[in-house]
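> Mind folding the following:
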Amino acid sequence: MTRVELQYDIVTPFADVDYERLSELTSVYGIMGIRLKPDASGVTIEYDATRLNPDGVDHVLKSNGLAVARAI
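Sure, this is the predicted structure:
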């Protein structure tokens with residue numbers, strides 16, 4: 001297992017439903033952890049690189065309706 005982290009900026013402020021969706025992502029195969037920045041401006045996704053790649057993580061976030069963009 002290879003743990004990798006990706007940083008995302010939150011494009012539009014999250015509503016309550018977005019936080020619920022975010023918390024449910026740990027049930028997605030390959031997602032290992034989620035950390036929200038204290039000011040809620042971004043999120044870090046930790047994933048297993050043997051199961052997902054960065055594009056796959058992007059797809060999981062967007063398919064769950066989360067308005068995020070990968071940080072540069």
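> and stretch 46-57, how far out from the chain's middle?
10 Å (Cα atoms, centre = their mean, to the nearest Å).
> Mind listing what's buried along it?
Buried positions in stretch 46-57, judged by neighbour count with 16 or more other Cβ atoms under 10 Å: Tyr47, Leu52, Gly56, Val57. The way it works is simple: take the backbone N, C-alpha and C, and place the C-beta from them, glycine included.
> What is the most widely separated pair among those residues?
Tyr47 and Gly56 (8.1 Å; Cβ to Cβ).
> Tell me the residues that contact both of these two, please.
Counting by Cβ atoms under 8 Å, 6 or more residues apart in numbering, the contacts common to Tyr47 and Gly56 are Gly30.
> For the protein, name the helix or strand with the lowest mean pLDDT.
Among the helices and strands of the chain, helix 16-24 carries the lowest confidence by mean pLDDT, DSSP states H and E, at a mean of 95.
> quick one: it to chain centroid distance?
With Cα atoms, centre = their mean, you get 11 Å for helix 16-24.
> cool, stretch 57-72 as well?
That offset, for stretch 57-72, works out to 6 Å (Cα atoms, centre = their mean).
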